[in-house]
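>>> Kindly return the folded structure for what I paste below:
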Amino acid sequence: MRFFLILVFVSSLCFSQETIVPISPALTKSLHKGLNQLASEQREDGSWQGSYGRNVGETSLCLMAFMAMGNLPGEGEYGHVVSKGVDWIIKQAKPNGLIQYTNQERQAAVMYGHALATLMLSEAWGQSQNPKVGKVLRNAVKLILEVQGPKGGWGYKSVPYDGDTSVCVMQVIALKSAQEAGIYVPQKTIQKALSLIKTRFNEGSKMYGYTSTNISKNHYGSSAAGTCIMFICGEQEDKYTEQAVDSILKIMKNDPKKQKVGHIPYFLYYGSVASYFQGGDNYRQWAQHLEEYLIREQRKSGEWGSYYQTAFCILAASLPFQYIPVYQK
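Reported below is the predicted structural model:
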């Protein structure tokens, strides 16, 4: 059995806590099977064509799944897959900075896909310094900054609007990743977004709502997303981080499928990032339940549903490999 050392900084106690989390051979095999399935479905132009047709968000998620397992453009077992995908994403960039497939068959959430593409490119650029990637990335970040809503959020279209927690969190993750890759992002932009997300925190359940403090099973993923971004941005108040992890861990322990949680892969992804940043017993428990869930629910051909659902599942389980900088503590 292979072990990965996770170093967790517990600010309230002013010391670091080391957490050893086992990654079993069975889970490793499962993740590689998932990657193999994704690779076999990549189109010749480098994209993936899912329920929304060719979509920059779905393609970027797939690419991040490969990157999370140690593949970069031209590097690793699936380096060729990543190279083709990154090239396709770059070709979709518009003069105003928006990254969107022009001929998309079915309209999807434009800014959500744009944020995922920005996140993927910032991780690729931070590790490769490809000037073509850097140019598109800077313009993509500029657009996100320009369309932040008056209260600190973002909508699904590329105009200033205060939307739901889900789309807001994805923009902030993209901005934090770009910031860590060396792109200038005003701290006030991030703080304004965090302030908005905090207004949706339910003091009773210790969870984040979708557009208010109301909590529903269909949007547990947004609750996990709100918790995740607080950790990534270094929030110091326990109720927004550690206590919120306790709430989503209870859901995980009771099996999200049995509870009929909506958008489970999305919940698994954000919940994994949040509990991983916290570390300790909570992440050990989360990782154990996650492994059981993924091995049980993986289909014979290797996927966990659609392309983006499969990518979310791989990202959720591969955090301890620490290949993607924004998820490194």
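>>> how about the helices of the stretch 1-150 of the chain, start to end?
25-41, 56-68, 79-91, 110-128, 131-146 (DSSP state H, counting those that start in this stretch).
>>> Alpha carbons of the second one, as PDB, please.
Backbone C-alpha positions of helix 56-68 (Å, rounded to 0.1, in the frame of the first residue of the first chain) are rendered in PDB as follows:
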ATOM      1  CA  VAL A  56     -14.900  24.300 -22.900                       C
ATOM      2  CA  GLY A  57     -15.900  23.600 -19.400                       C
ATOM      3  CA  GLU A  58     -16.300  19.800 -19.800                       C
ATOM      4  CA  THR A  59     -13.200  19.500 -21.800                       C
ATOM      5  CA  SER A  60     -11.200  21.500 -19.200                       C
ATOM      6  CA  LEU A  61     -12.500  19.300 -16.400                       C
ATOM      7  CA  CYS A  62     -11.300  16.200 -18.400                       C
ATOM      8  CA  LEU A  63      -7.900  17.800 -18.900                       C
ATOM      9  CA  MET A  64      -7.600  18.600 -15.200                       C
ATOM     10  CA  ALA A  65      -8.300  14.900 -14.300                       C
ATOM     11  CA  PHE A  66      -5.300  13.900 -16.400                       C
ATOM     12  CA  MET A  67      -3.200  16.700 -14.900                       C
ATOM     13  CA  ALA A  68      -4.200  15.600 -11.400                       C
END
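>>> Might you calculate how far that helix sits from the centre of the chain?
How far helix 56-68 lies from its chain's middle: 10 Å, per C-alpha atoms, centre = their mean, to the nearest Å.
>>> What average pLDDT does it get?
In this model, helix 56-68 has an average pLDDT of 97.
>>> one step back: would you turn the helices of the stretch 1-150 of the chain into CSV with mean neighbour count and distance to residue 166?
Yep, even glycine has a C-beta here, placed from its N, CA and C like the rest. Below are the helices of the stretch 1-150 of the chain laid out as CSV (neighbours: other C-beta atoms under 10 Å; distance: least, C-beta to C-beta, whole Å):
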stretch, mean neighbour count, distance to residue 166
helix 25-41, 17, 23
helix 56-68, 27, 12
helix 79-91, 20, 21
helix 110-128, 26, 7
helix 131-146, 18, 15
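>>> between these, which gets nearest to residue 48?
helix 56-68 (5.1 Å; C-beta to C-beta).
>>> Against which helices or strands is the closest one packed?
helix 25-41, helix 79-91, helix 110-128, helix 307-317 (3 or more C-beta pairs under 8 Å, 6 or more residues apart in numbering; DSSP states H and E).
>>> any idea which of these scores lowest on pLDDT?
Looking at those, the weakest mean confidence is helix 110-128, a mean of 93.
>>> could you dump it to CSV, C-alpha only?
Below are the C-alpha coordinates for helix 110-128, written out as CSV (Å, rounded to 0.1, in the frame of the first residue of the first chain):
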residue,chain,number,x,y,z
VAL,A,110,-20.9,30.4,-20.3
MET,A,111,-19.1,31.8,-17.3
TYR,A,112,-18.9,28.4,-15.5
GLY,A,113,-17.2,26.9,-18.5
HIS,A,114,-15.0,30.0,-18.9
ALA,A,115,-13.9,29.6,-15.2
LEU,A,116,-13.0,26.0,-15.6
ALA,A,117,-11.0,26.8,-18.8
THR,A,118,-9.2,29.6,-16.9
LEU,A,119,-8.4,27.3,-14.0
MET,A,120,-7.1,24.6,-16.3
LEU,A,121,-5.0,27.0,-18.3
SER,A,122,-3.5,28.6,-15.2
GLU,A,123,-2.4,25.2,-13.9
ALA,A,124,-0.9,24.3,-17.3
TRP,A,125,0.8,27.7,-17.7
GLY,A,126,2.1,27.7,-14.1
GLN,A,127,3.9,24.5,-14.8
SER,A,128,5.0,24.9,-18.5
